[in-house]
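>>> coordinates only, sequence not included:
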């Protein structure tokens, strides 16, 4: 099985899933609540945020949220879509093999990993550990979300792979502690965490 071809992420794709109010998957009010939650949690944990990477940044929904909560932080967007790179000026790259000179304090990876084949997903999960020295915000639908009827099939891209949640957890476990709410704390981070704050046994 091959990962979804980058050519699929063209103008028509973003018109359907981001710009058309009837079919978009990104609701501005949802993003506002999500961004406020993630940033507040990072502040609570005292994760210093100076450098932010949004890998698979799409139309840049996180950029203003980060600027509002962490005005001192630099924001770097990476996208596999040639169309979006030309439109927004993002750096072209993939979560599978993107490299940086130094790791980031916060890495955002939202709605990206389910487009990857099992082999590429394994590489991407390992790469996220290399890219992040602070916190990772990860959002991805798993097979269980379909089985429990949480995913709306009329809005969700039918090309997504349906990887099990355990595949994601296992792939991240070596580099991160799961903190709940989609937030993962790098094992490199010098942040004290109470035993019951972490989702680890």
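It's in. Model, not experiment: these values are computed from the prediction.

>>> Tell me which other helices or strands the longest helix along the chain touches.
Looking across the chain with DSSP state H, the single longest helix is helix 28-45. With contacts defined as 3 or more CB pairs under 8 Å, 6 or more residues apart in numbering; DSSP states H and E, helix 28-45 has these neighbours: helix 61-69, strand 132-139, strand 183-186. (C-beta placed from N, C-alpha, C; glycine too.)

>>> ok, the helix or strand following it: who's next to it in the sheet?
Moving toward the C-terminus from helix 28-45, the next helix or strand (DSSP states H and E) is strand 51-55. The pairing partners recorded for strand 51-55 under DSSP bridges are strand 74-79 (parallel), strand 104-110 (parallel).

>>> Could you tell me the angle between the longest helix of the chain and helix 61-69?
Interaxial angle, helix 28-45 versus helix 61-69 (axes from the mean of the first three to the mean of the last three CA atoms, to 10 degrees): 50 degrees.

>>> and the angle from helix 28-45 to strand 132-139?
150 degrees.

>>> give me phi/psi at residue 177?
The phi/psi pair for residue 177 (degrees, to the nearest 10) reads phi -100, psi 130.

>>> Could you report the distance from it to residue 158?
33 Å (CB to CB, to the nearest Å).

>>> Those two - which one has more neighbours?
A count of neighbours by other CB atoms under 10 Å puts residue 177 above the other of residue 177 and residue 158, at 19 against 5.

>>> Quick one: residues contacting the more buried one.
184, 185, 187, 193, 198, 199, 200 (CB atoms under 8 Å, 6 or more residues apart in numbering).

>>> ok, residue 111 touching residue 56?
Yes. If you go by CB atoms under 8 Å, residue 111 and residue 56 touch, sitting 6.9 Å apart.

>>> hang on, the earlier thing: so can I have CSV of the helices and strands packed on helix 28-45 showing distance to residue 18, mean neighbour count and mean pLDDT?
As requested, those are exported to CSV (distance: least, CB to CB, whole Å; neighbours: other CB atoms under 10 Å; pLDDT from 0 to 100):
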stretch, distance to residue 18, mean neighbour count, mean pLDDT
helix 61-69, 8, 17, 97
strand 132-139, 15, 23, 98
strand 183-186, 24, 24, 98
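
>>> Include distance to residue 81 when you put these into CSV, please.
CSV is the format used below for the helices and strands packed on helix 28-45 (distance: least, CB to CB, whole Å):
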stretch, distance to residue 81
helix 61-69, 14
strand 132-139, 18
strand 183-186, 25
